[in-house]
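S.K.: Here is my input, please return the structure:
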Amino acid sequence: MQQVTYRIAQLADVENVFNYEYKKQFSDDSDEIENQIKVWDSFFRKESLEHYFKMGWSFLAFDANQNLVGFFMGQPLLFLDKQTQSLWVEYVSADNDQIYTELVDIAYRLSREKHFQKVLFSKDVQTQFLTQSFPFKEW
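M.R.: Here you go, the predicted model:
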């Protein structure tokens, strides 16, 4: 099993995360202009990463060589659906199911630690194969 460390994302990480996800989404031989159009409509465009990372609720995963192997983008939502605080996780990406699951778990543990009432995930996360179960509920 590979050693993975996790830390809070910083604004200085935007370029690294963007490049990581860009390489995952597009092959080397794909059309550059078409890719740019798709990036504009993606979760990981730079403006979005900057927005989420400066809030301090997003996490990064690194392997033993300090290569990025996953991340999630999250932000707190106040007074949503009668809840004082909820964590909205916009997007999760990882190299494998184990890291993906650990990032979801970090979002849950972080929310409990900070006394949030809910963690909100997209349907993509709820349908992803995870190596442990979570109490997902329809909202």
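S.K.: Around E90, count how many other residues there are.
M.R.: Residues contacting E90 under the criterion other C-beta atoms under 10 Å number 17. Placement of C-beta: from N, CA and C, glycine included.
S.K.: pretty sure it contacts Y52?
M.R.: Yes: with contacts counted by C-beta atoms under 8 Å, E90 reaches Y52, the gap being 6.5 Å.
S.K.: Name the single longest helix found in this protein.
M.R.: Assignment by DSSP state H gives helix 97-113 as the longest helix of the chain.
S.K.: Any idea how far that helix is from the middle of the chain?
M.R.: Relative to the centre of its chain, helix 97-113 is centred 10 Å away, using C-alpha atoms, centre = their mean, to the nearest Å.
S.K.: which parts of that helix are buried?
M.R.: Going by neighbour count (16 or more other C-beta atoms under 10 Å), the buried part of helix 97-113 is 98-104, 106-108, 110-111.
S.K.: Against F116, how distant is E138?
M.R.: Look at E138 and F116: by C-beta to C-beta, to the nearest Å, they are 19 Å apart.
S.K.: Right, I'll call it a day here.
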